[in-house]
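Asker: Next one to model:
(one chain, ligands or ions: 1)
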Amino acid sequence: MSTDTLGMATGGQAIAVPAPADMADRGLRAWITSCLRPEYPALILILFLSVVAVLAGLAQPYLTKALIDGGILAGDRDTIVLVGAGMVGLSLASLGVGLACRRVHVAVSARVLHRLREDLFAHVLTLPPAFFSRIRQGDLLTRLEGDLGEVQRFAVDALLSAVSAVLTLIGTVIVLSTLSVKLALFLGGLIALNSLALAWVRPRIEVLSRRVRDAGVDMSSFLVERVGKVRCVQTHLAETRELTQLQGLHQVLRRRMIDAQLFGYLGGAIPNLVLSLAVIGIFVFGALAMLGGEALTLGTLVAFATYVQRASAPVHSLMGIYMQWQRVKVGLARVDALRAVAATAPGGGDAFRPGDIVIRGLTHAYPDAAAPVLDGVDCRIARGAKVWLRGPSGCGKSTLIDLLHRQLACQSGEITIGGRAIDTIELAALRAQVVVVSQQTELFACSLLDNIRYGRPSAGAADVQAVVEASGVGRFAARLPQGLDTVVGTSGTTLSGGERQRVALARALLMAPAVLIVDEGTSSFDEALELDALRAIDALLPTATRIIVSHRPLDPEAFDQVIDIDRSAA
Ligand SMILES: Nc1ncnc2c1ncn2[C@@H]1O[C@H](COP(=O)(O)OP(=O)(O)OP(=O)(O)O)[C@@H](O)[C@H]1O
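Answerer: A predicted model of the protein is given here:
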């Protein structure tokens, strides 16, 4: 059984995901079906239009036979004109039906893809940080974009084409049998040969598709990372090295693509060859049979050959679908792996109640780490206290904070707020009240105002003004041509590090949380600005519990409590 393994680990174990053979058990099929269900009426309409188009297509060669045998060979002008007009009318009707079918089809197809992606995106938004620290961004994007597109194309487009192709083929076989049983049997023999050849090609195509996808993911992950860190590349004069690395990745991708394309071509070429042989065979054996006195007319022979040639489109379509299925299996396993990653538990549904924070016997170990980063931590923080959380770099301060707002799950020990274990508090309620400003600020490429309002879009102008002043945003925003409406670059790159941190602080303050944690969120401020900001936080949120993490030599007297987290002491 093939598996797709996300580089994600929980408790030290990578998540291995079964191949789609087992997907019925895993709910993947149910998920895709639930996204298709709202489209059932539209799908039925498409099916109906497809049947009409198939019937119109099947009628054409029959009319050709009537034109040759009843019109041209019989010298009947009226039949020639009548059948000719019928053929033109049928072609125009086919065009109209085709257009209507495409219109409905495109809309259905896009809606299904968007529904699938929205669902998967919503799931990704519930995943814990540990997941994002393990998966490469390019890999994640490929799953959300390429893999999902492949799944959708198969679920909608391929299945509909398959239905239309199968209908055409069934219709063709019926018509062919009525025209000449012998020729139909000859065709059947060739199709059996075709199937044998394809059975040999099939498993190879699946393996090669997987290898192409892996190489593609390596390349996109490389590009996403390097483009995001282009300054670092330039600073370290690594442009040539990076280019060489991309060339290496391209070389692997190219080699795999060529192999996959060759086998893919073979998969398509075999049915083509069979069809060409069939047409030659029909004319040769049919003509010999006619000369031998069999009851075959020229019109029948032409109609038969035309049907066989027309059958090439549905055969091609089925072959394409077959090749696509080999690729989709790879995509399905990758999408399924993403869906299988456990979301952060939403909590027991208890409402958040402000109160003392009590930590008892808290222990946390990262996967594969030799020792726990936090080992039996105990402490109590009174409601509304102002706390300085300090300790040497790497002692586990940020880990403790991630546990406090459930970015990490408690492995052992307990954290309670207001007497309730935090994992019983509804997650959204907890995160609305325990807000963290971290050192790495994450801003969006929109206006300063929209960034500040991100956690509370409905905030009024007076509240915004208050946090803008308290955080120090007001001081630099006043110098910008468009003030708070100034759009910051991607990730806020048009701002200085300190300015970005001020925006992040304003954003957190606007949420007016019961617990505000500033995890080195003022590290890029100068000393005076940091003291100003701390005073402003006190003024703005006097009743909130305020936990400040800072490596600066702050005045302990300015705090109600100082907590030292020292790994050696823990
Ligand atoms: N996602 C992770 N996976 C594995 N180990 C991690 C992870 N995050 C942190 N660690 C490790 O846990 C330890 C504590 O990290 P943490 O970020 O909590 O320290 P910190 O006290 O906040 O450090 P600093 O003051 O430098 O920010 C470090 O040794 C770090 O390497």
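Asker: Now do the contacts for the residue nearest in space to the middle of the chain.
Answerer: For the chain, the residue nearest the mean C-alpha position is residue 144 (1.1 Å; C-alpha atoms, centre = their mean). Going by C-beta atoms under 8 Å, 6 or more residues apart in numbering, residue 144 touches 117, 120, 121, 124. (Each C-beta comes from the backbone N, C-alpha and C, glycine too.)
Asker: what about it, is that helix, strand or coil?
Answerer: Three-state call for residue 144 (DSSP: H, G, I helix; E, B strand; the rest coil): helix.
Asker: quick one: it from the ligand, how far?
Answerer: 22 Å (C-beta to the nearest ligand atom, to the nearest Å).
Asker: what does residue 286 give?
Answerer: From residue 286 to the ligand the distance is 73 Å (C-beta to the nearest ligand atom).
Asker: Just the element for the nearest residue to that residue once chain neighbours are set aside, please.
Answerer: Closest residue in space to residue 286, ignoring its immediate chain neighbours: residue 301 at 4.6 Å, by C-beta to C-beta, 6 or more residues apart in numbering. Using DSSP states H and E, the secondary-structure element containing residue 301 is helix 298-310.
Asker: buried ones in that helix?
Answerer: Using 16 or more other C-beta atoms under 10 Å as the test for burial, helix 298-310 gives 299, 300, 301, 302, 303, 304, 305, 306, 307, 308, 310.
Asker: How about the contacts made by the fourth one?
Answerer: Residue 302 sits next to 61, 64, 65, 68 when contact means C-beta under 8 Å, 6+ apart.
Asker: was I right about residue 435 contacting residue 511?
Answerer: Yes. Under the criterion of C-beta atoms under 8 Å, residue 435 makes contact with residue 511 at 5.1 Å.
Asker: Overlap of the contact sets of these two?
Answerer: With C-beta under 8 Å, 6+ apart as the test, residue 435 and residue 511 both reach residue 455.
Asker: Who has more neighbours out of these two?
Answerer: residue 435 (22 against 17; other C-beta atoms under 10 Å).
Asker: Checking the spatially closest residue to that one that is not a sequence neighbour next. Helix, strand or coil?
Answerer: Of all residues not flanking residue 435 in the chain, residue 513 sits nearest, at 3.9 Å (C-beta to C-beta, 6+ apart). The three-state label given to residue 513 by three-state DSSP is coil.
Asker: And the helix or strand following the helix holding residue 301, what's buried?
Answerer: Later in the chain than helix 298-310, the nearest helix or strand by DSSP H and E is helix 312-340. Residues of helix 312-340 classed as buried under the neighbour-count rule (16+ other C-beta under 10 Å) are 312, 314-315, 317-340.
Asker: to the chain's geometric centre, what's the distance from helix 312-340?
Answerer: Taking C-alpha atoms, centre = their mean, to the nearest Å, one finds helix 312-340 lying 16 Å from the centre of the chain it belongs to.
Asker: out of all of them, which helix in this structure is the longest?
Answerer: helix 239-291 (DSSP state H).
Asker: element containing the closest residue to the ligand within the stretch 151-300 of the chain, please.
Answerer: Per C-beta to the nearest ligand atom, residue 225 is where the stretch 151-300 of the chain lies closest to the ligand, at 17.3 Å. Using DSSP H and E, residue 225 sits within helix 181-228.
Asker: And residue 118, by the same measure?
Answerer: Here residue 118 sits within helix 77-124, counting by DSSP H and E.
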